[in-house]
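Engineer: sequence plus predicted model, see below.
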Amino acid sequence: ETGVTQTPRHLVMGMTNKKSLKCEQHLGHNAMYWYKQSAKKPLELMFVYNFKEQTENNSVPSRFSPECPNSSHLFLHLHTLQPEDSALYLCASSQTGTSGDEETQYFGPGTRLLVL
Amino acid sequence: KQEVTQIPAALSVPEGENLVLNCSFTDSAIYNLQWFRQDPGKGLTSLLLIQSSQREQTSGRLNASLDKSSGRSTLYIAASQPGDSATYLCAVYDYKLSFGAGTTVTVRA
């Protein structure tokens, strides 16, 4: 596997279900991200992890719970979601420098989530 | 709060025509600006990254310019092809990436 992979690619869940999205990066990067992309809207940054530590939570509801067990893996745990949470969830990784700058982010193919 | 705007929202051109996509941002204190391509239902692919100290970047038929002082960037795609049909996203990086809503391009054969 190369680059950034995400599983599953498609997910349908009811509002009472619990599910998890998985992201894995094979690039040796030190930062990982979750984004939400809703129809006709800009990508919204949800969470940022640097060296496994969460450094950004962009006012995301608690029904989304991220987990970063190591610098290569990132999970997004989902529970009691709402229909408006249906979207494409994208994972990305990058190498960040000590001064805060970074090179480009590499994106996975996304998980298309439908909440019924 | 950084806001990124892309105009037009959609563009349809005949094959061979040059494409001009515009991006504007409100806060000029950025580290870099990137252009991404997204195919329907897929992730993003980075096309060009311009550091804040640079004025332009080129890759093949693609050329992107950056005018940080006026908060603008333009992506030029020369001699468009049907395979260029996709959504093009502009993103600026200060301490995080902020994206525009994208320009959806259709190149007609």
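Structural biologist: Nice, thanks for sending it over.
Engineer: you'd agree A:Glu44 is up against A:Tyr35?
Structural biologist: Yes. Under the criterion of C-beta atoms under 8 Å, A:Glu44 makes contact with A:Tyr35 at 6.4 Å. For the C-beta atoms, the positions are set from N, CA and C on the backbone; glycine is no exception.
Engineer: the two: who's more crowded?
Structural biologist: Each of A:Glu44 and A:Tyr35 has its neighbours counted (other C-beta atoms under 10 Å in any protein chain shown); A:Tyr35 has more, 25 against 16.
Engineer: what pLDDT does the model give the more buried one?
Structural biologist: In this model, A:Tyr35 is scored at 95, pLDDT.
Engineer: you'd agree it is in a strand?
Structural biologist: Yes. Counting by DSSP: H, G, I helix; E, B strand; the rest coil, A:Tyr35 is part of a strand.
Engineer: which bits of chain A sit near chain B?
Structural biologist: Within chain A, the positions lying close to chain B (C-beta under 8 Å from any C-beta of the partner chain) are A:4, A:6, A:40-43, A:45, A:48, A:56, A:88, A:90, A:92, A:100-110, A:112.
Engineer: now the buried members of those.
Structural biologist: Buried members of those, counted by 16 or more other C-beta atoms under 10 Å in any protein chain shown: A:4, A:6, A:42-43, A:45, A:48, A:88, A:90, A:92, A:102-110, A:112.
Engineer: spatially nearest residue to residue 78, not counting backbone neighbours?
Structural biologist: Since you didn't name a chain, this refers to chain A. Of all residues not flanking A:Leu78 in the chain, A:Lys19 sits nearest, at 5.0 Å (C-beta to C-beta, 6 or more residues apart in numbering or on different chains).
Engineer: try chain B instead
Structural biologist: B:Arg61 (4.5 Å).
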